[in-house]
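got a predicted structure plus its sequence, pasted below:
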Amino acid sequence: MNLNNLENLREELKSLGFNKKLTGEMEKQMEKGQSEFTLHDKINGNKGQIDVTLHFKQSGQSEFYYFNKYNVALNTGKPLEEGHKYIVITPNDKESGKNLTRSFENVTEAIGYFKDQKGNSELASGKDAAHKTSLAKMENGKINFVAKEFQRTFRTPAVTQTFYVERGRGFTAQQAANLIEGRAVYRDDLLKLGGEPYKAWVKLDMDNPKDRYQNFTTLQYHVPTYGFNLEKVLDKYQIKELEEPAKKENLMHSLQNGNRPLVTTIKEGEEVKLHIEAVPRYSQINMFRENGKPEKREQFLKEQAAEKLLQPSKGKSKELESSQALAK
C-alpha cells in the first residue's frame, strides 16, 4: 500500500465532508490489495435516510487507488437507531439448524440482497440477530410478509444519483444529500468546458426523465447573471440571526450548502422558530414549521418590504407570482 496515496485519499474524503470512520475502513481495504472496493455511510435527511456508497478503484498501471464517484439513495423510511443495522438471515445449508447472517447499514443494499434470495430468508433490523425486529420474510423464494411500518420503504424505489469527484473536488456529502432531497446548493468552483471558472446555484431536475446513465440532469442558476442574491433576499425578512455578523455568516453558509437551518422570527408579536431553505429559481426562500409544514413567508417580511410587495401594479411581478405559487 502506498502511504502517499493513502494520505491523499484521506484528504479527499475530509474535504468532501465524509464520516471520519470511513478513512479507517478505506485503509483496511487498501491493505488487502483488491482491485476495487466500496465503502458505505448514511446521512439522516429531512425526508428520510440517505444511503451513500463510495467507489474506489485501483489503477491498472500502479498500486494507486482512485476515488472517482459515489452514489446516494434517498429512502423515505425511518432511520435506524444508533448502533442498529439491517440483517438478512438465511438457513445454513451446510449446518442444519444454524443460520447465516449478513449485515448492512445501507437499506437499499439490504432490500436488494434479501430479494435476491431463492429459499427461506428474513430481513430484520437490530443490534444483532439475537435482538432483531423482523421487517420482511420470504418462504421458498416468495415474499410472504412485510411489516406494516416498513412497507413504504420496501416497495418504493429509492431516489438515486451518482456524483463524480476529481481529486477531492466535487459536491460534498452534505450537498449531495440536500440535492437528492430536492434542494439547491451553491458552488463557486465550477468550470466551463474551456476551464473558465464560474459560480452558480445547482439543483437536480427531478421533473424530467433521467439521462442514459440513470442520473438526473442539473439546473443551474448562474451568479450574478440569474439575479438571485441570497443576502438581499434574507434581509427582507425578520430573522433574528441576521442581527449578528457571525450568525448571519453561518446561516448564509448553511443555506448555500442546501440545508434547512432553524431561524428565529416574529409571528403575531411572539418569537417563533422556523426552518428556511433557499429557492434560487424564484429568487426567494421557503419557510417551514418545525413539524415540516410550510408557512406563508409574506407574514414574516419586514414592514418596509411588506409595503413594497403590496403596492398595486399593472401585473404581478415574478417575485409575487412565485411567492403565491410556492405558498399553495
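Cool, the structure landed.

gap between the two ends of stretch 203-218?
Distance across stretch 203-218, first residue to last, is 6 Å (CA to CA, to the nearest Å).

got a list of contacts for that stretch?
The contact list for stretch 203-218 (CB atoms under 8 Å, 6 or more residues apart in numbering) reads 159-162, 179-180, 182-185, 202, 219-221, 280-281. C-beta coordinates here come from the backbone N, C-alpha and C atoms, glycine included.

let me see the backbone angles for residue 8.
Main-chain dihedrals, residue 8, degrees, to the nearest 10: phi -60, psi -40.

try residue 224
Torsion angles, degrees, to the nearest 10, at residue 224: phi -100, psi 0.

do a quick rundown of the strands in the stretch 51-200 of the chain.
65-75, 85-91, 99-104, 121-126, 132-139, 142-146, 159-164, 185-191, 197-204 (DSSP state E, counting those that start in this stretch).

mind putting those into TSV with distance to residue 300 and mean pLDDT?
Converted to TSV, the strands of the stretch 51-200 of the chain look like this (distance: least, CB to CB, whole Å; pLDDT from 0 to 100):
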stretch	distance to residue 300	mean pLDDT
strand 65-75	29	95
strand 85-91	41	95
strand 99-104	43	92
strand 121-126	40	96
strand 132-139	42	96
strand 142-146	43	96
strand 159-164	30	96
strand 185-191	22	95
strand 197-204	22	97
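
which one of those strands lies nearest to residue 30?
strand 65-75 (5.9 Å; CB to CB).

neighbouring strands - and their directions - for the closest one?
strand 49-58 (antiparallel), strand 159-164 (antiparallel) (DSSP bridges).

shouldn't residue 192 be in contact with residue 198?
Yes. In this structure, residue 192 is within contact of residue 198 by CB atoms under 8 Å, at 6.1 Å.

just put the strands of the stretch 51-200 of the chain in CSV and tack on distance to residue 272 and mean neighbour count.
Shown next, in CSV, are those (distance: least, CB to CB, whole Å; neighbours: other CB atoms under 10 Å):
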stretch, distance to residue 272, mean neighbour count
strand 65-75, 29, 21
strand 85-91, 38, 20
strand 99-104, 40, 14
strand 121-126, 36, 22
strand 132-139, 37, 18
strand 142-146, 40, 12
strand 159-164, 31, 17
strand 185-191, 26, 15
strand 197-204, 27, 18
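
show me what contacts residue 238?
265-266, 300-302.

quick one: which of these is most hemmed in?
residue 300 (22 neighbours; other CB atoms under 10 Å).

and the strands paired with strand 65-75: which comes nearest residue 134?
Comparing the strands paired with strand 65-75 by CB to CB, strand 49-58 comes nearest, at 19.0 Å.

right, I'll leave it there.
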